[in-house]
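>>> A structural model of the following input is requested.
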Amino acid sequence: MAGILPLGGGSSALEQYAALLKGGAASAAGAGGTDSTANADALAAAAQALTGASGTRSTGSTGFAATLASSLENVQALQSKSSALAVQAATGDLNDVHDYTVAAAEAGMAAQVTVALRNKALEAFSEIMRMQF
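Got it, this is the predicted structure:
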């Protein structure tokens, strides 16, 4: 966990989670696990799509709530774009069907990452609640 930056330190939570998975994937690769590396790469790509990152990171500090809200707004925007293109494809107004295919794939991956993060947060909360003081 030494490679994870504190939240708000110029790296999104999704990017930190992807880095954590890549670190775990590197240790699993020695044991013959290559599927974890592919999952970590897919998560990193989804994180980049969710945050709209173009490879540059801001050095400003934002709170976790603001980062989470921004990411969820990006997911909603991707789903809205996909829905609009689906309607255009169904009515025959869409010139290039590939646009819809790409938008649907992006929206699907963003939804999967969002659900995975929610599940991990719920698991962490449950683990905290099971702790004995």
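>>> please enumerate the strands of the protein.
With DSSP state E as the criterion, the chain has no strands.
>>> check which helices and strands the longest helix seen in it is in contact with.
Longest helix in the chain by number of residues (criterion: DSSP state H): helix 97-130. In terms of contacts (3 or more CB pairs under 8 Å, 6 or more residues apart in numbering; DSSP states H and E), helix 97-130 is packed against helix 13-29, helix 35-51, helix 64-91. Bear in mind the C-beta positions are built from the backbone N, C-alpha and C, glycine included.
>>> wait, Arg85 sits on Asp96?
No Arg there; residue 85 is Leu. No: using CB atoms under 8 Å as the test, Leu85 is too far from Asp96 to be in contact (9.7 Å).
>>> how close does the closest residue to Ala111 other than its chain neighbours sit to Glu127?
Nearest residue to Ala111, sequence neighbours excluded (CB to CB, 6 or more residues apart in numbering): Val75, at 6.6 Å. From Val75 across to Glu127, the span is 26 Å (CB to CB, to the nearest Å).
>>> neighbour count for those two, which is higher?
Val75 (20 against 9; other CB atoms under 10 Å).
>>> for the more buried one, give me its contacts.
Residues near Val75 by CB atoms under 8 Å, 6 or more residues apart in numbering: Leu50, Ala107, Ala110, Ala111, Thr114.
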